[in-house]
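Trainee: Test case, fold it:
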Amino acid sequence: MGRKVTVIPPTISLQTHLPTTQKVKRKVAGYARVSTDFEEQLTSYEAQVDYYTKYIQEREDWEFVKVYTDEGISATSTVHRDGFNQMVADALDGKIDLIVTKSVSRFARNTVDSLTTVRKLKEKGVEVFFEKEDIYTLDSKGELLITIMSSLAQEESRSISENVTWGQRKRFADGKVSLPYKHFLGYRKGADGLPEIVPEEAEIVRSIYRWFMEGMTPYKIACILVEKGIPTPSGKEQWHLSTVKSILTNEKYKGSALLQKKFTVDFLTKKTKVNEGEVPQYYVEESHPAIISPEEFELVQAEMARRKELGKRYHSGNIFTAKIVCGECGGFYGPKIWHSNSRYRRVIWRCNKKYTNDCYCKTPHIDEDTIKQGFLKAYNQLLTDKGSVLSLCEMLLHAFSDCSDLDAKMSVLGDEEKQITKNIREMVVINSRTVQKQPEYTLEYQSYEREYEALKAKYQKLQAEKLDRINKTTVIQDFMEQIKKRKEPIKVFSSDVWLTAIETVTICEKGELQFRFKNGTEITV
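Mentor: Here you go, the predicted structure:
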């Protein structure tokens, strides 16, 4: 005897989750986007908005919500697409039933983003219609087609990214320099497309370099710039230490350009990293007008390296800071104010550790005029034997510029690092393919890891030593240039000459001043 089966028809739509008997208009929104700011693209953008507004409003069974837009934004990621993100949020809140857009590539060029968004909307019963591909995402074939089309769009983005990267590197190789002018102090784009100096901004840059060489720290310079009401390169009121440091270390201010300091790691996430040798770099000399002379720029780099080596022992002050040394304890002299509230107010320099030890340092205090007069005597005495001074400089240059011994050691360490890396990879592969005793595996892995870190530390130490030699070479070269061009004794103290010439001044117990010059020559007055 056959069974009686009664079919109960569905009362709710599987796709829209709305009653099948209820004629309810679907709330429909459009999405329009263009990737660039070009005028022709903006025309396309406006046309898309107008088209989807009319397209939705012409359907009697659709209720127009709005057209969401993103203008001049790349689509490889949805992170910074405000219009897109607002549309998705509204859809998840039940304000939209259907989203209409031109194509998969307009929606997203990232497969993961595209599928994640479609599935998120699908869970809430929200459908997306891609007009060009004629795909409805709630259709049974929708997700397969979406995956295929998104993957094709993603490959298109990869191809575009690679073409853009190739174009950039070609410009770098040709020595073509372009600056981020909106965030770069001192330059603007000239009529020929090359950087052009902005006089009033260039003066600020020169002041920053001068203040640094007069003893100020980047933090102190930032404070002064804020007090003076000078805006940052991006037009903000608040200066930060990092901004001042970037100006002090940017080679573009001396008229040269190091190109491709950073590179894009992933075209999807747009993540960048500092170029540590993974891709080529290009150094272009005299690529544009200089605001700071190359000699002054190199002096600043050497001074920055000196302060870094001193660490906490360096305190912001003036040109004598961390230059005056106590002959007894080896500590630095610092400025002290006597009679600060009277007409007898006087600034003297005294050993910072004079009264901190059980036995007081017997070295005397000294005033700045005495230091300046002593410097004039010592420097002029140095000039009387210019030939010997320059010969010594040549010897030092030869010694400091030859880094072949360090390069050889670094090469050996580099090979050892590669071998350890290879061993670790082989261990991991074997462990993934065959059963291993994990405690022994972990111990061996950690042993390799420690060995690798030790080699890395040695390599970095050698790198630092090489950089120190390069800095010393720069200092000696600047010192030599100054000595060569000096035709007669100096009569007036010059802070520029002092900064270029003096390494330290040691104050002895009986008040003698022992001047040590950058080439190692010592003269006592």
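Trainee: neighbours around Asn423, how many?
Mentor: A count of neighbours around Asn423, defined by other Cβ atoms under 10 Å, yields 15. Bear in mind the C-beta positions are built from the backbone N, C-alpha and C, glycine included.
Trainee: Can you name the residues that contact it?
Mentor: With contact taken as Cβ atoms under 8 Å, 6 or more residues apart in numbering, Asn423 is in contact with Tyr448.
Trainee: pLDDT averaged over the helix or strand containing it, what's the number?
Mentor: According to DSSP states H and E, Asn423 maps onto helix 404-433. Helix 404-433 comes out with an average pLDDT of 86.
Trainee: So which elements touch the helix or strand that comes right after it?
Mentor: If you walk from helix 404-433 toward the C-terminus, the next helix or strand you reach (DSSP H and E) is helix 438-485. When contacts are defined as 3 or more Cβ pairs under 8 Å, 6 or more residues apart in numbering; DSSP states H and E, helix 438-485 sits against helix 294-310, helix 386-401, helix 404-433, helix 495-501.
Trainee: Can you point out the buried residues in the last one?
Mentor: Buried positions in helix 495-501, judged by neighbour count with 16 or more other Cβ atoms under 10 Å: 497-501.
Trainee: Same list (these) but as CSV, adding pLDDT and distance to Thr363.
Mentor: As requested, the buried residues of helix 495-501 are arranged in CSV below (pLDDT from 0 to 100; distance: Cβ to Cβ, whole Å):
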residue, pLDDT, distance to Thr363
Val497, 86, 25
Trp498, 88, 21
Leu499, 82, 24
Thr500, 83, 26
Ala501, 88, 23
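Trainee: got the residues you listed as TSV, with distance to Ile470 columns?
Mentor: Putting these into TSV (distance: Cβ to Cβ, whole Å) gives the following:
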residue	distance to Ile470
Val497	23
Trp498	23
Leu499	19
Thr500	17
Ala501	20
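Trainee: and of these, the nearest to Tyr445?
Mentor: Comparing the buried residues of helix 495-501 against Tyr445 with Cβ to Cβ places Leu499 closest, at 51.5 Å.
Trainee: Could you find the closest non-adjacent residue to that closest one?
Mentor: In space, Leu499 comes closest to Met213 once its chain neighbours are excluded; the distance is 5.5 Å by Cβ to Cβ, 6 or more residues apart in numbering.
Trainee: ok, now which ones touch the one you found?
Mentor: The contact partners of Met213, taken as Cβ under 8 Å, 6+ apart, are 296, 299-300, 303, 319, 495-496, 499.
Trainee: what number of residues lie near the closest residue to Gln463 other than its chain neighbours?
Mentor: Sequence neighbours aside, Met410 is the residue nearest to Gln463 in space, at 7.1 Å (criterion: Cβ to Cβ, 6+ apart). Using other Cβ under 10 Å, Met410 has 18 neighbouring residues.
Trainee: how close does Met410 sit to Gln419?
Mentor: Met410 sits 15 Å away from Gln419, taking Cβ to Cβ, to the nearest Å as the criterion.
Trainee: All the strands of the stretch 101-250 of the chain, residue numbers only.
Mentor: Assigned by DSSP state E, counting those that start in this stretch, the strands in the stretch 101-250 of the chain fall at 127-130, 135-136, 187-189, 195-197.
Trainee: In CSV, could you pull the C-alpha coordinates for stretch 287-301?
Mentor: This file holds the C-alpha atoms of stretch 287-301, laid out as CSV (Å, rounded to 0.1, in the frame of the first residue of the first chain):
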residue,chain,number,x,y,z
SER,A,287,71.0,65.1,-8.1
HIS,A,288,69.5,68.4,-7.0
PRO,A,289,70.5,71.7,-5.3
ALA,A,290,71.9,71.3,-1.8
ILE,A,291,70.7,73.1,1.3
ILE,A,292,73.5,71.8,3.5
SER,A,293,77.1,71.5,2.3
PRO,A,294,78.3,67.9,2.1
GLU,A,295,81.1,68.7,4.6
GLU,A,296,78.6,70.1,7.2
PHE,A,297,76.3,67.1,6.6
GLU,A,298,79.1,64.6,7.2
LEU,A,299,80.2,66.6,10.3
VAL,A,300,76.7,66.2,11.7
GLN,A,301,76.7,62.4,11.1
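Trainee: which of the residues in it are buried?
Mentor: Those would be 287-288, 290-292, 294, 296-301, for stretch 287-301 by 16+ other Cβ under 10 Å.
Trainee: got a list of contacts for it?
Mentor: 175, 177, 186-187, 194-197, 202, 205-206, 209, 212-213, 248-249, 251-257, 471, 474-475, 477-478, 481, 499-500.
Trainee: Same question for stretch 476-489.
Mentor: For stretch 476-489, with Cβ under 8 Å, 6+ apart as the criterion, the contacting residues are 295, 298-299, 302, 380, 382-383, 386, 389-390, 393, 396-397, 400, 497, 500-501, 517-519.
Trainee: Many thanks, I have nothing further to ask.
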